[in-house]
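# no FASTA, just this:
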(Lines give C-alpha, C1' and ligand atoms only; values in the text may rest on other atoms or scores of the structure.)
Protein backbone atom coordinates (compact mmCIF):
# COMPACT_ATOMS: atom_id res chain seq x y z
CA UNK A 1 0.00 0.00 0.00
CA UNK A 2 1.37 3.40 -0.99
CA UNK A 3 0.45 6.11 1.52
CA UNK A 4 1.47 9.72 0.85
CA UNK A 5 2.00 12.32 3.57
CA UNK A 6 1.07 15.85 2.58
CA UNK A 7 3.10 18.13 4.88
CA UNK A 8 0.66 21.02 4.49
CA UNK A 9 -2.15 18.82 5.74
CA UNK A 10 0.04 17.39 8.50
CA UNK A 11 0.76 20.93 9.73
CA UNK A 12 -2.90 21.24 10.74
CA UNK A 13 -2.21 18.79 13.58
CA UNK A 14 -0.61 19.90 16.85
CA UNK A 15 2.44 17.70 17.58
CA UNK A 16 1.89 15.30 20.45
CA UNK A 17 3.68 16.00 23.69
CA UNK A 18 6.18 13.40 24.86
CA UNK A 19 3.65 12.01 27.36
CA UNK A 20 0.85 11.90 24.78
CA UNK A 21 3.08 10.16 22.25
CA UNK A 22 4.20 7.59 24.82
CA UNK A 23 0.61 6.89 25.88
CA UNK A 24 -0.54 6.42 22.27
CA UNK A 25 2.42 4.13 21.58
CA UNK A 26 1.63 1.97 24.63
CA UNK A 27 -2.00 1.73 23.56
CA UNK A 28 -1.17 0.71 19.99
CA UNK A 29 1.37 -1.87 21.14
CA UNK A 30 -1.09 -3.38 23.62
CA UNK A 31 -4.33 -3.20 21.66
CA UNK A 32 -3.34 -2.70 18.03
CA UNK A 33 -4.68 0.04 15.78
CA UNK A 34 -8.44 -0.24 16.25
CA UNK A 35 -9.49 2.84 14.24
CA UNK A 36 -8.94 2.90 10.50
CA UNK A 37 -6.72 5.56 8.94
CA UNK A 38 -8.58 7.80 6.48
CA UNK A 39 -7.20 8.30 2.96
CA UNK A 40 -8.11 10.51 0.04
CA UNK A 41 -6.68 8.47 -2.79
CA UNK A 42 -3.17 7.78 -1.53
CA UNK A 43 -3.04 10.86 0.70
CA UNK A 44 -3.38 10.34 4.45
CA UNK A 45 -5.90 12.80 5.88
CA UNK A 46 -6.59 11.38 9.36
CA UNK A 47 -4.40 9.28 11.64
CA UNK A 48 -0.93 10.73 11.10
CA UNK A 49 0.35 9.97 14.61
CA UNK A 50 -1.02 6.42 14.54
CA UNK A 51 0.52 5.87 11.12
CA UNK A 52 3.96 6.98 12.34
CA UNK A 53 3.89 4.63 15.34
CA UNK A 54 2.41 1.69 13.44
CA UNK A 55 4.99 1.85 10.66
CA UNK A 56 7.79 2.17 13.20
CA UNK A 57 6.70 -0.96 15.09
CA UNK A 58 5.20 -2.97 12.24
CA UNK A 59 1.67 -2.77 13.71
CA UNK A 60 -1.09 -3.67 11.27
CA UNK A 61 -3.70 -1.04 10.48
CA UNK A 62 -6.77 -0.64 8.29
CA UNK A 63 -7.55 2.20 5.91
CA UNK A 64 -10.78 3.65 4.56
CA UNK A 65 -11.29 5.97 1.61
CA UNK A 66 -13.16 9.26 1.75
CA UNK A 67 -14.19 9.96 -1.83
CA UNK A 68 -16.41 12.99 -1.14
CA UNK A 69 -13.70 15.56 -1.88
CA UNK A 70 -13.15 17.23 -5.23
CA UNK A 71 -10.08 19.29 -4.31
CA UNK A 72 -7.31 19.64 -1.76
CA UNK A 73 -9.17 22.65 -0.34
CA UNK A 74 -12.12 20.35 0.43
CA UNK A 75 -9.76 18.05 2.32
CA UNK A 76 -8.29 20.97 4.25
CA UNK A 77 -11.70 22.26 5.29
CA UNK A 78 -12.74 18.76 6.41
CA UNK A 79 -9.57 18.35 8.48
CA UNK A 80 -9.94 21.82 10.00
CA UNK A 81 -13.54 21.15 11.04
CA UNK A 82 -12.51 17.81 12.58
CA UNK A 83 -9.76 19.40 14.65
CA UNK A 84 -11.84 22.42 15.69
CA UNK A 85 -14.34 19.99 17.22
CA UNK A 86 -11.72 18.27 19.40
CA UNK A 87 -11.28 19.38 23.01
CA UNK A 88 -7.62 18.43 23.09
CA UNK A 89 -6.66 21.08 20.51
CA UNK A 90 -5.03 24.14 22.13
CA UNK A 91 -6.52 27.63 21.95
CA UNK A 92 -3.61 28.74 19.77
CA UNK A 93 -4.05 25.92 17.28
CA UNK A 94 -7.84 26.42 17.14
CA UNK A 95 -7.27 30.08 16.36
CA UNK A 96 -4.75 29.23 13.65
CA UNK A 97 -7.12 26.66 12.13
CA UNK A 98 -10.09 29.04 12.18
CA UNK A 99 -8.06 31.76 10.47
CA UNK A 100 -6.85 29.23 7.90
CA UNK A 101 -10.44 28.20 7.15
CA UNK A 102 -11.43 31.85 6.73
CA UNK A 103 -8.59 32.31 4.21
CA UNK A 104 -9.59 29.20 2.24
CA UNK A 105 -13.29 30.05 2.12
CA UNK A 106 -12.64 33.70 1.22
CA UNK A 107 -10.28 32.68 -1.60
CA UNK A 108 -12.82 30.20 -2.97
CA UNK A 109 -15.58 32.80 -2.95
CA UNK A 110 -13.32 35.23 -4.81
CA UNK A 111 -12.36 32.58 -7.37
CA UNK A 112 -15.98 31.65 -7.93
CA UNK A 113 -16.96 35.28 -8.41
CA UNK A 114 -14.11 35.84 -10.88
CA UNK A 115 -15.08 32.74 -12.88
CA UNK A 116 -18.72 33.72 -13.29
CA UNK A 117 -19.36 35.26 -16.74
CA UNK A 118 -20.78 38.76 -16.76
CA UNK A 119 -23.21 39.70 -19.56
CA UNK A 120 -25.35 42.74 -20.14
CA UNK A 121 -28.48 40.63 -20.29
CA UNK A 122 -27.83 38.57 -17.15
CA UNK A 123 -25.43 40.13 -14.64
CA UNK A 124 -23.62 37.70 -12.42
CA UNK A 125 -25.12 37.09 -9.02
CA UNK A 126 -23.33 38.65 -6.06
CA UNK A 127 -20.87 36.20 -4.51
CA UNK A 128 -22.01 34.60 -1.29
CA UNK A 129 -20.49 36.00 1.87
CA UNK A 130 -17.89 33.90 3.63
CA UNK A 131 -19.37 32.28 6.75
CA UNK A 132 -16.65 33.93 8.88
CA UNK A 133 -16.13 37.43 7.56
CA UNK A 134 -15.38 39.15 10.87
CA UNK A 135 -12.88 38.55 13.65
CA UNK A 136 -15.82 37.84 15.97
CA UNK A 137 -17.01 35.02 13.65
CA UNK A 138 -13.55 33.47 13.60
CA UNK A 139 -13.27 33.76 17.39
CA UNK A 140 -16.63 32.05 17.88
CA UNK A 141 -15.61 29.13 15.66
CA UNK A 142 -12.30 28.81 17.53
CA UNK A 143 -14.01 29.17 20.93
CA UNK A 144 -11.70 32.00 21.98
CA UNK A 145 -12.10 35.78 22.35
CA UNK A 146 -11.76 38.17 19.42
CA UNK A 147 -8.81 39.73 21.26
CA UNK A 148 -7.09 36.32 21.29
CA UNK A 149 -7.64 36.01 17.53
CA UNK A 150 -6.04 39.44 17.09
CA UNK A 151 -3.04 38.30 19.14
CA UNK A 152 -2.71 35.08 17.11
CA UNK A 153 -2.73 37.15 13.91
CA UNK A 154 0.14 39.24 15.30
CA UNK A 155 2.07 36.09 16.18
CA UNK A 156 1.56 34.62 12.70
CA UNK A 157 2.67 37.87 11.09
CA UNK A 158 5.80 38.67 13.11
CA UNK A 159 6.88 35.74 15.31
CA UNK A 160 10.00 33.71 14.54
CA UNK A 161 9.60 29.92 14.13
CA UNK A 162 11.21 29.52 17.57
CA UNK A 163 8.60 31.74 19.22
CA UNK A 164 5.75 30.00 17.38
CA UNK A 165 7.01 26.65 18.64
CA UNK A 166 7.21 28.04 22.19
CA UNK A 167 3.58 29.16 22.16
CA UNK A 168 2.45 25.90 20.56
CA UNK A 169 4.27 23.97 23.28
CA UNK A 170 2.67 26.09 26.00
CA UNK A 171 5.99 27.57 27.15
CA UNK A 172 4.51 31.04 26.73
CA UNK A 173 0.93 32.28 26.67
CA UNK A 174 -0.70 33.68 23.53
CA UNK A 175 -0.91 37.13 25.12
CA UNK A 176 2.77 37.16 26.11
CA UNK A 177 3.87 35.75 22.75
CA UNK A 178 2.00 38.51 20.91
CA UNK A 179 4.02 41.05 22.88
CA UNK A 180 7.35 39.27 22.33
CA UNK A 181 6.55 39.04 18.59
CA UNK A 182 6.90 42.83 18.39
CA UNK A 183 10.62 42.52 19.16
CA UNK A 184 13.28 42.13 16.43
CA UNK A 185 13.77 38.47 15.37
CA UNK A 186 17.19 38.23 17.04
CA UNK A 187 15.73 39.31 20.40
CA UNK A 188 12.85 36.84 20.04
CA UNK A 189 15.31 33.99 19.49
CA UNK A 190 17.36 34.99 22.53
CA UNK A 191 14.22 35.17 24.69
CA UNK A 192 13.07 31.71 23.58
CA UNK A 193 16.52 30.27 24.25
CA UNK A 194 16.32 31.66 27.80
CA UNK A 195 13.22 29.63 28.59
CA UNK A 196 9.92 30.49 30.26
CA UNK A 197 11.28 33.13 32.68
CA UNK A 198 13.18 34.99 29.97
CA UNK A 199 10.10 35.00 27.73
CA UNK A 200 7.93 36.35 30.54
CA UNK A 201 10.50 39.05 31.26
CA UNK A 202 10.64 40.06 27.59
CA UNK A 203 6.84 40.21 27.39
CA UNK A 204 6.65 42.35 30.55
CA UNK A 205 9.28 44.76 29.23
CA UNK A 206 7.33 45.18 25.98
CA UNK A 207 4.12 45.88 27.92
CA UNK A 208 5.85 48.43 30.14
CA UNK A 209 7.43 50.11 27.12
CA UNK A 210 4.04 50.37 25.42
CA UNK A 211 2.47 51.79 28.59
CA UNK A 212 5.29 54.33 28.95
CA UNK A 213 4.95 55.50 25.35
CA UNK A 214 1.26 56.34 25.71
CA UNK A 215 0.57 60.07 26.27
CA UNK A 216 -0.92 60.85 29.70
CA UNK A 217 -4.66 61.04 29.71
CA UNK A 218 -5.72 64.67 29.78
CA UNK A 219 -8.81 65.81 31.60
CA UNK A 220 -11.08 67.77 29.24
CA UNK A 221 -11.23 71.49 29.99
CA UNK A 222 -15.01 71.43 30.61
CA UNK A 223 -14.68 68.47 32.95
CA UNK A 224 -11.85 70.18 34.88
CA UNK A 225 -13.96 73.33 35.27
CA UNK A 226 -16.90 71.28 36.56
CA UNK A 227 -14.65 69.56 39.09
CA UNK A 228 -13.30 72.90 40.31
CA UNK A 229 -16.84 74.22 40.67
CA UNK A 230 -17.86 71.14 42.67
CA UNK A 231 -14.87 71.56 44.99
CA UNK A 232 -15.68 75.24 45.52
CA UNK A 233 -19.29 74.38 46.29
CA UNK A 234 -18.24 71.77 48.84
CA UNK A 235 -15.93 74.27 50.52
CA UNK A 236 -18.77 76.79 50.77
CA UNK A 237 -20.94 74.13 52.43
CA UNK A 238 -18.16 73.31 54.89
CA UNK A 239 -17.70 76.99 55.77
CA UNK A 240 -21.46 77.40 56.31
CA UNK A 241 -21.61 74.33 58.56
CA UNK A 242 -18.66 75.59 60.60
CA UNK A 243 -20.37 78.98 61.12
CA UNK A 244 -23.62 77.25 62.11
CA UNK A 245 -21.73 75.02 64.54
CA UNK A 246 -20.00 78.03 66.11
CA UNK A 247 -23.35 79.83 66.56
CA UNK A 248 -24.89 76.79 68.27
CA UNK A 249 -21.95 76.53 70.67
CA UNK A 250 -22.34 80.23 71.57
CA UNK A 251 -26.05 79.76 72.29
CA UNK A 252 -25.31 76.80 74.55
CA UNK A 253 -22.59 78.72 76.34
CA UNK A 254 -19.87 76.27 75.34
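Right, received. Where do you want to start? Treat the numbers as computed from the prediction; the structure is a model and nothing was measured.

# which residues of the stretch 51-200 of the chain fall in strands?
Under the criterion DSSP state E, counting those that start in this stretch, the stretch 51-200 of the chain contains strands at 63-65.

# what ranges of it fall below the confidence cut-off?
Scanning the stretch 51-200 of the chain for pLDDT under 70 picks out 117-133.

# run the last query once more with 50
Low-confidence segments of the stretch 51-200 of the chain (pLDDT under 50): 121-128.

# how about the helices of it, start to end?
Taking DSSP state H, counting those that start in this stretch to define them, one finds helices in the stretch 51-200 of the chain at 72-84, 91-115, 135-142, 146-158, 161-168, 174-180, 185-193, 195-213.

# so can I have CSV of those showing distance to residue 28 and mean neighbour count?
No exception for glycine: its C-beta is placed from N, CA and C like everyone else's. Putting the helices of the stretch 51-200 of the chain into CSV (distance: least, CB to CB, whole Å; neighbours: other CB atoms under 10 Å) gives the following:
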stretch, distance to residue 28, mean neighbour count
helix 72-84, 20, 17
helix 91-115, 23, 17
helix 135-142, 30, 19
helix 146-158, 33, 18
helix 161-168, 24, 18
helix 174-180, 32, 22
helix 185-193, 33, 17
helix 195-213, 32, 14
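
# Please name whichever of the ones you listed is nearest to residue 9.
Counting by CB to CB, residue 9 lies closest to helix 72-84 out of these; the figure is 6.1 Å.

# Run the chain-centre distance for that closest one.
18 Å (CA atoms, centre = their mean, to the nearest Å).

# what packs against it?
helix 7-10, strand 43-46, helix 91-115 (3 or more CB pairs under 8 Å, 6 or more residues apart in numbering; DSSP states H and E).

# contact partners of it?
Defining contact as CB atoms under 8 Å, 6 or more residues apart in numbering, one finds that helix 72-84 is touched by 6, 8-9, 12-13, 40, 43, 45-46, 66, 68-69, 89, 93-94, 97-98, 100-101, 104-105, 108, 141-142.

# hmm, try it at 6 Å
12, 40, 45, 69, 89, 94, 97, 101, 104 (CB atoms under 6 Å, 6 or more residues apart in numbering).

# Can you say which of the helices and strands packed on helix 72-84 is nearest to residue 151?
helix 91-115 (8.4 Å).

# So what angle separates the directions of that closest one and helix 146-158?
Per axes from the mean of the first three to the mean of the last three CA atoms, to 10 degrees, the angle that helix 91-115 makes with helix 146-158 is 80 degrees.

# circling back: please render the helices of the stretch 51-200 of the chain as TSV that adds distance to residue 20 to the earlier fields.
Compiled in TSV, these are given as follows (distance: least, CB to CB, whole Å):
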stretch	distance to residue 20
helix 72-84	15
helix 91-115	14
helix 135-142	21
helix 146-158	22
helix 161-168	13
helix 174-180	20
helix 185-193	22
helix 195-213	20
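
# Of all those helices, which one comes closest to residue 248?
Of all the helices of the stretch 51-200 of the chain, it is helix 195-213 that lies closest to residue 248, at 52.6 Å by CB to CB.

# now the angle from that closest one to helix 185-193?
Going by the same axes, to 10 degrees, helix 195-213 makes 130 degrees with helix 185-193.

# And helix 195-213, what does it pack against?
With contacts taken as 3 or more CB pairs under 6 Å, 6 or more residues apart in numbering; DSSP states H and E, helix 195-213 sits against helix 174-180, helix 185-193.
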